[in-house]
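Visitor: no sequence for this one, just the structure:
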Ligand SMILES: [Fe+2]
């Protein structure tokens, strides 16, 4: 069952950001399904690995763009990214130790994504667009 659905409220208007956010929503849904399904150990580890890879790649792309254009809120924004990656590492450690996903992990991820996109990504969007990023 999907636990997060894309809608236009999440659109920053920056092409690569919106495409990567949609992919992150998909992999969070896949993680939630994996954690509840058969072969949960393998599928959860796989989905979590994909989520980590895609998240890190997305944060790198966003951070490079913010830095290239001198976005003044860069440090605080990058700090939020670092904290999420640490949480994902904690989830991975639990899964690797055979404990499964910590309770509340997928709900946390959904809330984090929604809040981060609405508050933090929407805060850089007008600045980057004014600098010609599309
Ligand atoms: Fe971000």
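Guide: Right, received. Where do you want to start? Model, not experiment: these values are computed from the prediction.
Visitor: now the helix or strand hosting residue 95: mean pLDDT?
Guide: Secondary structure assignment for residue 95, by DSSP states H and E: helix 74-96. Averaged over helix 74-96, pLDDT sits at 98.
Visitor: Compute the inter-axis angle for the following helix or strand past it and helix 74-96.
Guide: Downstream of helix 74-96, the next assigned helix or strand under DSSP H and E is helix 105-115. Using axes from the mean of the first three to the mean of the last three C-alpha atoms, to 10 degrees, one finds that helix 105-115 and helix 74-96 are set 160 degrees apart in direction.
Visitor: what's the offset of helix 105-115 from the middle of its chain?
Guide: 9 Å (C-alpha atoms, centre = their mean, to the nearest Å).
Visitor: low pLDDT regions in the chain?
Guide: Flagging of the chain using pLDDT under 70 yields an empty set of residue ranges.
Visitor: one step back: next, see if the helix holding residue 95 gets close to the ion.
Guide: No: figure legend: helix 74-96 not in contact with the ion (C-beta under 5 Å from the ion); closest approach 5.8 Å. From N, CA and C alone the C-beta is placed, and that goes for glycine too.
Visitor: Return the list of helices and strands in contact with that helix.
Guide: Here helix 74-96 touches helix 40-68, helix 105-115, going by 3 or more C-beta pairs under 8 Å, 6 or more residues apart in numbering; DSSP states H and E.
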